[in-house]
Structures are given as structure tokens and as C-alpha cells.
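Asker: could you work out the structure for the sequence below:
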Amino acid sequence: MTKPRMIKHWINGKHWEDTPSRVGDVYDPTTGKVASQVAFASVSEVDAAVSSAAEAFASWRNASLAQRSTVMFKFRELLNDRKGELAEIVSAEHGKVVSDAGGEIQRALESVEYACGIPQLLKGGFSENASTRVDVYSIQQPVGVVGVISPFNFPAMVPLWFVPTAIACGNAVVLKPSEKDPSAAVFIAELFAEAGLPDGVLNVVHGDKVAVDRLLEHPTVKAISFVGSTPIARYVYETGTAHGKRVQALGGAKNHMVVLPDADLDLAADAAVSAGFGSAGERCMAISVVVAVGSVGDELVSKIKSRIADVKVGSGPSCEMGPLVTGVHRDKVTSYLDAGVAAGASLVVDGRDHPIDGDAEGFWLGPTLFDHVGTDMTIYTDEIFGPVLSVVRTESYDEAVEMVNSNRYGNGTAIFTNDGGAARRFQNEIEVGMVGVNVPIPVPVAYYSFGGWKESLFGDAHAYGPHGVHFFTRSKVVTSRWLDPSHGGVNLGFPQNT
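Answerer: Sure, this is the predicted structure:
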């Protein structure tokens, strides 16, 4: 029997060759079989990565902005040239279809391109003669060694939300990707090395809670960026800040799509299907609740149902939706179907009956649609993170807004309407971090920043964009007085304290 391939740590510019004390299985979700194994880091291995990063930071922080941007431009070109290869890697371990993985990488490229502009982004301010012969200016300096803990659902995009900006700002990084699909992170590290990034500036350690806790507690790690579920985001934020770190921790979501009576229902139905079932619903910006306002419910549900029948699920090249990431997660998501029925919701489409073009042992669950869902049901309250779409009916716009605003999550939401006044009112009144108007998944472009409100974000820094530059740097203000050299450096009598 062939021994599974071992996915190793990347420390100080090379693969870590020490024999791991613990390993984890990495599955091919389309077949349900173990495809490889990943080394789980011990505390000493995390320490080795942090030590490598600290040593590299001492010189990288002083690298010129020109040198940093040159590396970033080269990395961008390498990533663009090999994005097809990376999409295949993501698809093989996560399960999302290759076209979906390609879209993930295309969005990641936007963040890399933003980081390429670091000379412009790190410009400070300057005030000449703030007082007599006194100049005041601000500079932004790197934080130091930073940790990035990324989730399974976007194994390429989420690391690239953080790593390019952190590196471009002059920091050194220890990246801990999900143990479910770790190969993308190593591929990214290899590309950075090829782009000329000095050894140790980017390190990758794999593993579980042992690795996470060591990063949160290590005194040399100055900042932590995290994306994952709300319970873990809260843990990361509280533990990291208790150890004196700055922390940005993006948590879970329950994203609503409000459909008003004047909306284009064909557009809304298309959006609900693509936003609810793309990537098998395993994304924090997926639409999981459709709020049908007024009389639109029956027609909208009918249109969504008819479109679900056409969704091709499987591993073939024409498929639009793949399996879930693991069998355990598939079974957890499936359990919500029985829970929804038991709670009194109408199961309009049962994903267990959907035709599958793939190995029967894969981690499959087809698109599922519930109607007449109550806000006290677990299919509404819980972040299911799978292809389960719930329709909730309300009588009015005000009732819909109150529903969204009373939800504990505040990541993203959307409204579908042809009424500009209603859309403008909605964007002002809704209490979430990202809003779409006739756009179901309002992920911001890279020169804005991504993040939610309420229990979808711990800390005050959103991901990438201007917030990313701010998070990965510390501001310093210098107040400077110089004596007139024509007088031999003698003070000319100007007040010392003005």
C-alpha cells in the first residue's frame, strides 16, 4: 500500500524535514478517501517558525519600499501565471469545483495587487514649522512577527487577504492554515520564495489547537489575524489580547437577502441559488436566509426551486457545486434537515435526493431549500455552513429590517429592489458591515476592507485594504527641532517650549 504524501511545514525558506510527532489526514472530498497526511506542529516547531520570522524581521523591516514592492510585483506575476495550478490544489483538498477555486484566486490577486502599491500606502504626514523651527511628521512602522490563522473554506484567498499586506508593511509572518486543506498555503510560500522573499519572512506551520495556542501565547508574536467561526474568533481574540497582542478576529455569519415586492424575482432567484449554494454554502458571505417581503413568497420560492433542479452537483468538469470538505461536516449539515422538519419548516427541496455526478463515497449533499422558517428554529439561528437555504416571510420592510438587525451576526446582507429610495434607506438602517444592493455577496474590492459587525468581528480592524495597512503597522509621530548650522549649532534664542 502506497504511503500517503506528507505535507510539511515551511520554515526559514524550506520544507521542515523533521519527523512529525503527530499527523492528520487530508481527504479528497469527492471520493471520501485519504489523499495525503499533514504534519501537526508541536510547540517547539511553532517556536522554530517564530524564531525564524523574528530573525528575518530584523533585516526585512529595513528593506526599502522599492525592494518590498519588487518582491510583491514578482509574486503577483508568478501567482497569475500559476493560478490554474493553485486552483487544482484548492479543489482537490477543499472540494469546490475548479472554476469556483479559480474565482477565489482571482479575488486573492486583487489583494496582492493592492499590496504592490505599498510605497503609496505607507506615506505619512508632515507639518513644517508646527512651532518655530519645529517640524512634526508621522511614520508607519511594522509591528514585528505576526500570526495568520486561516480557515478551510478559502485556503488561498484568506491567507492572501493578510500575508501580502503584512509582508509589504515590513513584517514577518507565521501562517497556520486549516489542517483540512493545507497544501495551498505551502504553494503560496514557495511562490513567495521564488519571487525573492528572504528566507524566514514567511513561514507555514500546520496543525490544530496546539499550534494556534502557541501563536496566541508566544511573546514574540505581536499581532494575530484570524478568520473562522464565532466561538473560535472570540477565543482567539480574548486569548491573544490577554497576551498583549493586537488581534483582528473575523467570525461567523447568518447573511440575509431581503426581497421586496417590486424586485426582479428572476434576478433574485438566480442570486439566491448562486449565493446560497456556491462552494456548497461553505463561505462566510453565503446567503443562508431569504427574507420574502409581502406577497412575493410563493412565486420566489417556486423560482428558486426550479433553478435548484438544474444545479449540477459532482466532480465532473461541467459541475457547478462540489462536495463538503469532510464527512463529519457533511453529516453535521445534514442533521439540520431533520431538525428543520421537526421544528415545523417546510422542506421544499431535500438535498439528499439531488442527483450526484461523482463517487458515491464522496462527501455529497445537494442544495436544500426550506420555506416558512421561524426565527426560533436552529436552521435559522445557527451558522450551518452548508448548502441549506431558508426562506422567512415577513409582512413589511420594517419587519425585515428588524429581523436582520436583531440577529447576533452582522457580516453581510443584501436587498433586492427596484426602488432607489428603499435601497438607500436600507443601507443606512441595516446593522451589518457589508451591504449589497441587487448584489447578493457584497465582498468589497481590495482597496476597501472586509469585515462585519456584532458577533461577526472581534476587534476593530477589518481585513485587507486600508484597515489591513493600519493593522500591520504602528504609527509614530516625530517632533523635530534643528538648530541653525550657520550659527555653529548655537541656539538662536528661540523658545524651547512653544
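
Asker: contacting residues around the closest residue to Tyr397 other than its chain neighbours?
Answerer: The spatial neighbour of Tyr397 that comes closest, neighbours along the chain excluded (C-beta to C-beta, 6 or more residues apart in numbering), is Val293 at 6.0 Å. Using the backbone N, CA and C atoms, a C-beta is placed for each residue, glycine as well. In this structure, Val293 makes contact with 258-261, 394-397, 399-400, judged by C-beta atoms under 8 Å, 6 or more residues apart in numbering.

Asker: what ranges does the stretch 301-450 of the chain have for its helices?
Answerer: Using DSSP state H, counting those that start in this stretch, the helices of the stretch 301-450 of the chain run over residues 327-343, 378-381, 397-406, 420-429.

Asker: how about these in a markdown table, adding mean neighbour count and distance to Glu85?
Answerer: Below are the helices of the stretch 301-450 of the chain laid out as a markdown table (neighbours: other C-beta atoms under 10 Å; distance: least, C-beta to C-beta, whole Å):
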| stretch | mean neighbour count | distance to Glu85 |
| --- | --- | --- |
| helix 327-343 | 16 | 26 |
| helix 378-381 | 18 | 38 |
| helix 397-406 | 17 | 40 |
| helix 420-429 | 14 | 40 |
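
Asker: same list, these, but as JSON lines with mean pLDDT and distance to Ala39 please.
Answerer: Formatted as JSON lines, these follow (pLDDT from 0 to 100; distance: least, C-beta to C-beta, whole Å):
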{"stretch": "helix 327-343", "mean pLDDT": "98", "distance to Ala39": "21"}
{"stretch": "helix 378-381", "mean pLDDT": "98", "distance to Ala39": "36"}
{"stretch": "helix 397-406", "mean pLDDT": "98", "distance to Ala39": "43"}
{"stretch": "helix 420-429", "mean pLDDT": "98", "distance to Ala39": "46"}
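
Asker: tabulate the ones you listed (CSV), appending distance to Ser456.
Answerer: Putting those into CSV (distance: least, C-beta to C-beta, whole Å) gives the following:
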stretch, distance to Ser456
helix 327-343, 20
helix 378-381, 15
helix 397-406, 12
helix 420-429, 17
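
Asker: closest one to Val50 among those helices?
Answerer: With respect to Val50, and counting by C-beta to C-beta, the nearest of the helices of the stretch 301-450 of the chain is helix 327-343 at 30.4 Å.

Asker: pull the closest one out as PDB, backbone CA atoms only.
Answerer: Included here for helix 327-343 are C-alpha records, laid out as PDB according to Å, rounded to 0.1, in the frame of the first residue of the first chain:
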ATOM      1  CA  GLY A 327     -17.600  13.600   6.100                       C
ATOM      2  CA  VAL A 328     -18.000  14.900   9.600                       C
ATOM      3  CA  HIS A 329     -19.000  18.300   8.400                       C
ATOM      4  CA  ARG A 330     -21.400  16.800   5.800                       C
ATOM      5  CA  ASP A 331     -23.100  14.800   8.500                       C
ATOM      6  CA  LYS A 332     -23.500  17.800  10.700                       C
ATOM      7  CA  VAL A 333     -25.000  19.900   8.000                       C
ATOM      8  CA  THR A 334     -27.400  17.000   7.000                       C
ATOM      9  CA  SER A 335     -28.600  16.800  10.600                       C
ATOM     10  CA  TYR A 336     -30.200  20.300  10.200                       C
ATOM     11  CA  LEU A 337     -32.500  18.900   7.600                       C
ATOM     12  CA  ASP A 338     -34.300  16.700  10.000                       C
ATOM     13  CA  ALA A 339     -34.100  19.400  12.700                       C
ATOM     14  CA  GLY A 340     -35.800  21.900  10.400                       C
ATOM     15  CA  VAL A 341     -38.700  19.500   9.500                       C
ATOM     16  CA  ALA A 342     -39.100  18.600  13.200                       C
ATOM     17  CA  ALA A 343     -39.300  22.300  14.100                       C
END
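
Asker: mind giving me the packing neighbours of that helix?
Answerer: strand 346-349, helix 378-381, strand 388-394 (3 or more C-beta pairs under 8 Å, 6 or more residues apart in numbering; DSSP states H and E).

Asker: please identify the deepest-packed of those.
Answerer: For the helices and strands packed on helix 327-343, the stretch with the most neighbours on average is strand 388-394, a mean of 24; neighbours defined as mean count of other C-beta atoms under 10 Å.

Asker: residues contacting that strand, please?
Answerer: 272, 276-277, 281, 287-294, 297, 300-301, 304, 333, 336-337, 340, 345, 351, 367-375, 377, 379-380, 400, 403.

Asker: could you point out which residue ranges in this structure have low pLDDT?
Answerer: Counting by pLDDT under 70, the low-confidence segments of the chain come to 1, 485-498.

Asker: so who does the residue nearest in space to the middle of it touch?
Answerer: For the chain, the residue sitting closest to the mean C-alpha position, by C-alpha atoms, centre = their mean, is Val158 at 4.0 Å. When the contact criterion is C-beta under 8 Å, 6+ apart, the partners of Val158 are 150-151, 227.

Asker: helix, strand or coil for it?
Answerer: Reduced to three states with DSSP: H, G, I helix; E, B strand; the rest coil, the structure at Val158 is helix.

Asker: before we move on, what about Ser51?
Answerer: Put simply, Ser51 is helix when judged by three-state DSSP.

Asker: in CSV: the helices and strands packed on helix 327-343, plus distance to Ala268.
Answerer: Putting the helices and strands packed on helix 327-343 into CSV (distance: least, C-beta to C-beta, whole Å) gives the following:
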stretch, distance to Ala268
strand 346-349, 16
helix 378-381, 19
strand 388-394, 11
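
Asker: sheet-wise, list the partners of the helix or strand containing Ser475 with their directions.
Answerer: Using DSSP states H and E, Ser475 sits within strand 473-481. As defined by DSSP bridges, the strand partners of strand 473-481 come to strand 134-142 (antiparallel).

Asker: what comes into contact with the partner strand?
Answerer: 57, 61, 122, 124-130, 169-171, 469, 472-481, 498.

Asker: and if we set it to 7 Å?
Answerer: Among residues not part of strand 134-142, those counted as contacts by C-beta atoms under 7 Å, 6 or more residues apart in numbering are 61, 122, 124-130, 169-171, 472-481.
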